[in-house]
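Q: Whatever this is, show me its structure:
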Amino acid sequence: MKKEKTKLITSIGGQALMEGIMMRGPKKTTVAVRKYDGSIELEEIQPLNWAKKHKILRLPLIRGVVNMIDSLVTGEKALMLSADKALEGEDDPDEQPSKLDVWLDKHFGDKIINIIMVFSTVLAVAFCIAVFYFLPTVLFDLTAGWLTFMNEPVLGMERFWQSAFEGIIRIILFLVYMCLCTLNKDIKRVFQYHGAEHKTIFCYEYGLDLTVENVRKQIRFHPRCGTSFMVLMLIVGIIIGLFIPVNHPIIRPVIKFLLLPLTVGIGYELIKICGRHDNIITRIIAAPGVWMQHITTKEPTDDMIEVAIKSMEDVIPENGEDRIA
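A: Purely as a prediction, here's the structure:
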């Protein structure tokens, strides 16, 4: 059945969390979490909002990088909050802390959490850089000698083959990583909340009452999804790689990493266009990301939809200033 035309496009976006959802509107950002006792708790958090404070940060390409940093920081804050709320009351009050827990609490207190977060973040960033930037270039360097067309460059196409090879390897790695994530029970539930988030936003955009029944009928693949943004960045990275005249296995990845802000900026502008317009061109641009959402979004349960609705209702402005089309 052909989908009816969307009545409005909203600027409201969200993020799936642990047993909850964060919705971000033009005026407020709210985290809704299903607690261990079954109740739903709402809590407002404050994003960075750098773009609202400084006009220059709203310029094309620059705003993409600024919004990504804002989303990462705000998303991490919301994720930690949801974890605390979801697990609240789950611990056994009679359980005694271990000697290690007592020692850490005595010497570091609450600082230990920040230390662990910083360490894990640095480790994760280093791992991502090694896997997504250096590994594809190293693999190409190792396999280039086996490819006969690389021994006799055809009309200068060697740069194209290298960029395409690296891009395909990155996409495969990203795809494998996402598929492995679905094997984890907790991550799979996050993906279900991701589906609830998208369905709820679609329900609101169609002008329907935000009820479980209406939300359930919506599709779970949204063009403004962060998954689509990641896929677009990978594709844009292939194009940018065509203009890098260096094939050194260390220098080339470093250059590509330094060009990451440009990749982010272009990807953001493309995802913004896809979110505002629905035509054959935007559908083609959004298609790879929408396909990837078959992995990163799952059908939610009714109680997950209830959480998404609560979060959505709390950020919808009365004057309709969230409507961008």
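Q: List the buried residues in the longest helix along the chain.
A: Determined from DSSP state H, the single longest helix within the chain is helix 62-87. Buried positions in helix 62-87, judged by neighbour count with 16 or more other CB atoms under 10 Å: 62-68, 70-71, 74-75, 77-79, 81-82, 85-86. Every C-beta, even on glycine, is put in place using the N, C-alpha and C of the backbone.
Q: now do stretch 203-218
A: Cys203, Tyr204, Glu205, Tyr206, Leu210, Val212, Asn214, Val215, Gln218.
Q: Verify the stated contact: the last one with Cys203.
A: Yes: counting by CB atoms under 8 Å, a contact exists between Gln218 and Cys203, whose distance comes to 5.2 Å.
Q: any weak-confidence spans in the stretch 101-250 of the chain?
A: 101-118, 144-157 (pLDDT under 70).
Q: one step back: check which helices and strands the longest helix of the chain sits against.
A: When contacts are defined as 3 or more CB pairs under 8 Å, 6 or more residues apart in numbering; DSSP states H and E, helix 62-87 packs onto strand 13-17, strand 20-24, strand 29-34, strand 40-45, helix 50-53, helix 260-276.
Q: Any idea how far stretch 163-177 is from the middle of the chain?
A: Here the centre of stretch 163-177 is set off from its chain's centre by 17 Å, with CA atoms, centre = their mean, to the nearest Å.
Q: now do stretch 34-42
A: Using CA atoms, centre = their mean, the offset of stretch 34-42 from its chain centre is 24 Å.
Q: and it, which residues are buried?
A: Taking 16+ other CB under 10 Å as the criterion, stretch 34-42 shows Arg34, Lys35, Ile40, Glu41, Leu42 as buried.
Q: what separates the closest residue to the last one other than its chain neighbours from Gly14, distance-wise?
A: The one in question is Leu42. Ranked by CB to CB, 6 or more residues apart in numbering and with sequence neighbours excluded, the top spatial neighbour of Leu42 is Ala32, at 5.2 Å. For Ala32, the distance to Gly14 equals 10 Å [CB to CB, to the nearest Å].
Q: okay, and the common contacts of those two?
A: Jointly contacting Ala32 and Gly14 under the rule CB atoms under 8 Å, 6 or more residues apart in numbering are Ile21, Met22, Met23, Ala308, Ser311.
Q: Looking at the residues you listed, which is nearest Pro245?
A: Met22 (42.4 Å; CB to CB).
Q: what's the closest non-adjacent residue to that closest one?
A: Take Met22 and drop its neighbours on the chain: the residue closest to it by CB to CB, 6+ apart is Ala78, 4.1 Å away.
Q: what's the spacing between the one you found and Asp186?
A: For Ala78 relative to Asp186 (CB to CB), the value is 16 Å.
Q: Thr30 too?
A: 22 Å.
Q: These two - which one has more neighbours?
A: Thr30 (21 against 9; other CB atoms under 10 Å).
Q: For the more buried one, which non-adjacent residue is spatially closest?
A: Asp314 (4.3 Å).
Q: Contact partners for Thr200?
A: Per CB under 8 Å, 6+ apart, neighbours of Thr200: Gly14, Leu210, Val215, Gln218, Ile305, Ala308, Ile309, Ser311, Met312.
Q: For the residues you listed, give me CSV that also has secondary structure and distance to Glu299.
A: Below are those laid out as CSV (DSSP: H, G, I helix; E, B strand; the rest coil; distance: CB to CB, whole Å):
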residue, secondary structure, distance to Glu299
Gly14, strand, 17
Leu210, coil, 18
Val215, helix, 11
Gln218, coil, 11
Ile305, helix, 10
Ala308, helix, 13
Ile309, helix, 16
Ser311, helix, 18
Met312, helix, 18
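Q: Go through these and name the one nearest Asn279.
A: Using CB to CB, Gln218 comes nearest to Asn279 of the contacts of Thr200, at 20.9 Å.
Q: Need phi/psi at that closest one.
A: phi -80, psi 160 (degrees, to the nearest 10).
Q: Kindly report the same for Thr296.
A: According to degrees, to the nearest 10, Thr296 has phi -90, psi -10.
Q: Does it touch Gln192 like I think?
A: No: between Thr296 and Gln192 there is no contact under CB under 8 Å: 10.7 Å.
Q: Among these two, which residue is more densely surrounded?
A: Thr296 (23 against 19).
Q: Skip the chain neighbours and tell me the closest residue to that one.
A: Thr296's closest residue in space is Thr227 (CB to CB, 6+ apart), at 4.6 Å.
Q: In the stretch 51-200 of the chain, what residue spans correspond to helices?
A: 62-87, 99-107, 111-129, 135-143, 148-151, 158-181, 185-205 (DSSP state H, counting those that start in this stretch).
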